[in-house]
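J.: need a 3D model of the following:
(one chain, ligands or ions: 1)
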Amino acid sequence: MTGALDKYGISRLNVTHLSQQFWCERQVALSLEHPREETEEMAAGTEIHRELMLEIVKEVSAETTTIEDEIYLMMLNLRTGLEQLVSEGKTRELRVFGRAGEFPLSGIIDELSLNDGQLTILDHKTRTKPSLPPPPTFATAEIQVMLYRKLLDDLRFGRYTPDQFFTDRRLPDLGDISPGMKDQLEAQGLYEKLTPAELTVEVFSAFRKLPAISDYLIVRYLHRDSGSHIGDKVVLHDPAALDKKLSHALKFWTGEREATTVKSRERWKCNYCEYRGVHCPL
Ligand code: SF4
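T.: Numbering: from 1, shown residues only. So this is what the prediction gives:
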């Protein structure tokens, strides 16, 4: 592990870590030091995401007891999602992996669809107010969807490989799944004579067959209570802007600088922060 990852005892970053840095970096650091309890709003958001996923995705579930079982299950669901995308034109909750600088990075794309031969990335956000968010709130969503596009494109072009995935997850000698996992998969008619490593290679090959990704990335806002559609915002992918923002963000994770607080003109954000006056003096 490196820099701040060591300090916070995490082995990789996720897209939310990086995108939330553009809301408040200190808040990201504090959420790792003092994990938040799930609020009603978070639980409602998670529930809406799950309902949306189950509308179209047939999730494979099984009890896992080893890391091999976990990787196998993850890859099985990923393969199903990629097959669904190609055959039906849409899938939801698709996991993507890669790196940001030297750091392993992963994320879950809410929705991917095929439109006019191109892939469209869509992220769902829930809001308590039935209106679109103001620009400062939107900045994190912008980074988030651009990061999804970067990760997916790196997989499409083979810039992130199964070997890098095994290295990043510290899985040099991945064995086979447990007998219990095999029994569960057999009972569901899903067992195949493939090791977790072989299945991973198969999934990475499936990523490489995906068509080009649209530069127009969609953020869809849904009303938290009713689930109704408030509206969409479209982000035009800008790789140069993303690189610049990433290079700034990663300096915190490498330990080159401390976490910054919000700028003085954005102090209003602190009114919504549970760490204010408790762990953060602002
Ligand atoms: S109180 Fe303000 S500066 Fe401190 S962590 Fe929360 S949002 Fe960031």
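
J.: what's around whichever residue of the stretch 101-250 of the chain sits closest to the ligand, how many residues?
T.: Closest residue of the stretch 101-250 of the chain to the ligand, CB to the nearest ligand atom: Pro136 (11.7 Å). In this view, the C-beta of every residue, glycine as well, is placed from N, C-alpha and C. Pro136: 14 surrounding residues under other CB atoms under 10 Å.

J.: Ser226 too?
T.: Ser226 has 9 neighbours, counted by other CB under 10 Å.

J.: contact residues of the stretch 1-150 of the chain facing the ligand?
T.: Within the stretch 1-150 of the chain, the positions near the ligand by CB under 6 Å from any ligand atom are 24, 26-27, 30.

J.: can I take it that the residue of the stretch 101-250 of the chain closest to the ligand is in a helix?
T.: Yes: applying DSSP: H, G, I helix; E, B strand; the rest coil, one finds Pro136 inside a helix.

J.: how about it, what does it touch?
T.: 266, 269 (CB atoms under 8 Å, 6 or more residues apart in numbering).

J.: before we move on, what about Ala100?
T.: Going by CB under 8 Å, 6+ apart, the list of residues near Ala100 reads 13, 18, 147, 246, 250.

J.: among the residues you listed, which one sits closest to Thr65?
T.: Leu13 (26.9 Å; CB to CB).

J.: so what's the closest one up against?
T.: By CB under 8 Å, 6+ apart, the neighbours of Leu13 are 5, 100, 103-106, 253.

J.: tabulate those (a markdown table), appending pLDDT.
T.: Formatted as a markdown table, those follow (pLDDT from 0 to 100):
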| residue | pLDDT |
| --- | --- |
| Leu5 | 88 |
| Ala100 | 97 |
| Phe103 | 96 |
| Pro104 | 97 |
| Leu105 | 98 |
| Ser106 | 97 |
| Trp253 | 95 |
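
J.: and the closest residue to the ligand within the stretch 1-150 of the chain, how many neighbours?
T.: Residue of the stretch 1-150 of the chain nearest the ligand, by CB to the nearest ligand atom: Cys24 (3.4 Å). If you count neighbours by other CB under 10 Å, Cys24 ends up with 25.

J.: identify the residue nearest it in space, chain neighbours excluded?
T.: Val262 (5.0 Å; CB to CB, 6 or more residues apart in numbering).

J.: ok, now Lys150?
T.: Nearest to Lys150 is Leu242, by CB to CB, 6+ apart, at 6.5 Å.

J.: got the phi and psi for the one you found?
T.: phi -60, psi -40 (degrees, to the nearest 10).

J.: what's the burial count for it?
T.: 17.

J.: before we move on, what about Ile71?
T.: With other CB under 10 Å as criterion, Ile71 counts 22.

J.: could you say which helix or strand contains Glu59?
T.: Under the criterion of DSSP states H and E, Glu59 resides outside all helices and strands.

J.: can you tell me how far it is from Lys7?
T.: 35 Å (CB to CB, to the nearest Å).

J.: low pLDDT regions in this protein?
T.: 1-2 (pLDDT under 70).

J.: mind listing what's buried in stretch 46-59?
T.: Using 16 or more other CB atoms under 10 Å as the test for burial, stretch 46-59 gives 48-49, 52-53, 57.

J.: how far does stretch 28-35 sit from the chain's center?
T.: Averaging C-alpha positions (CA atoms, centre = their mean, to the nearest Å) puts stretch 28-35 18 Å from its chain's average.
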